[in-house]
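> 3D, please:
(one chain, ligands or ions: 1)
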Amino acid sequence: MNLKKIVYLFVVMALAALISACGAANGGGSSKAIAEKKINENLNVSILSTDGKLKNGDQQITLKFTDGSGNPVEMKAASLNFKMPAMGSMAEMNDAAKLNTTGTPGEFSGPLKLQMAGDWIAQISYEGKETGKTTISMTAY
Ligand SMILES: [Cu+2]
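Okay, the predicted model is just below:
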């Protein structure tokens, strides 16, 4: 290995360390988008998790509101419930995320426990400069 290669490797490693440090500073929270929806020209909502997947069982989930340019949109309150309509003899299921505000405006995060894998309807409500409700169809694995 020549010196150039060693310097190059060092720079790559330093960058990798920097990127992972930024990730950790992000509240150690959920950071990969699972689903996104454009509510209107000025408002988008996205659902994020630590690994970018919606899972059967326990997980940490984040709800994030942004404007058309990707900047945070502050909300006073928001909720996220996962509903599975009744299927045959199985009654309707509802699993709500226990969301809290985070250090980031327009971002709410908390634990979620889904009872089963399969298709769920994410029911989102929000209160802020705009107030409303929306749904996103999602699949848990
Ligand atoms: Cu079910």
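> From here on, just use CA atoms for contacts and neighbour counts.
Noted.
> Tell me which stretches of the protein form strands.
32-40, 43-49, 57-66, 75-84, 93-96, 100-101, 107-114, 118-128, 132-140 (DSSP state E).
> Among the ones you listed, which comes closest to residue 2?
The minimum distance between residue 2 and the strands of the chain falls on strand 32-40, with 37.7 Å, by C-alpha to C-alpha.
> re earlier: kindly reformat the strands of the chain as JSON lines containing mean pLDDT.
Converted to JSON lines, the strands of the chain look like this (pLDDT from 0 to 100):
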{"stretch": "strand 32-40", "mean pLDDT": "97"}
{"stretch": "strand 43-49", "mean pLDDT": "98"}
{"stretch": "strand 57-66", "mean pLDDT": "97"}
{"stretch": "strand 75-84", "mean pLDDT": "98"}
{"stretch": "strand 93-96", "mean pLDDT": "98"}
{"stretch": "strand 100-101", "mean pLDDT": "96"}
{"stretch": "strand 107-114", "mean pLDDT": "98"}
{"stretch": "strand 118-128", "mean pLDDT": "97"}
{"stretch": "strand 132-140", "mean pLDDT": "98"}
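> how about CSV for those, with mean neighbour count and distance to residue 2 added?
Output for the strands of the chain, formatted as CSV (neighbours: other C-alpha atoms under 10 Å; distance: least, C-alpha to C-alpha, whole Å):
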stretch, mean neighbour count, distance to residue 2
strand 32-40, 16, 38
strand 43-49, 21, 42
strand 57-66, 21, 45
strand 75-84, 20, 54
strand 93-96, 16, 56
strand 100-101, 16, 51
strand 107-114, 20, 47
strand 118-128, 17, 53
strand 132-140, 14, 49
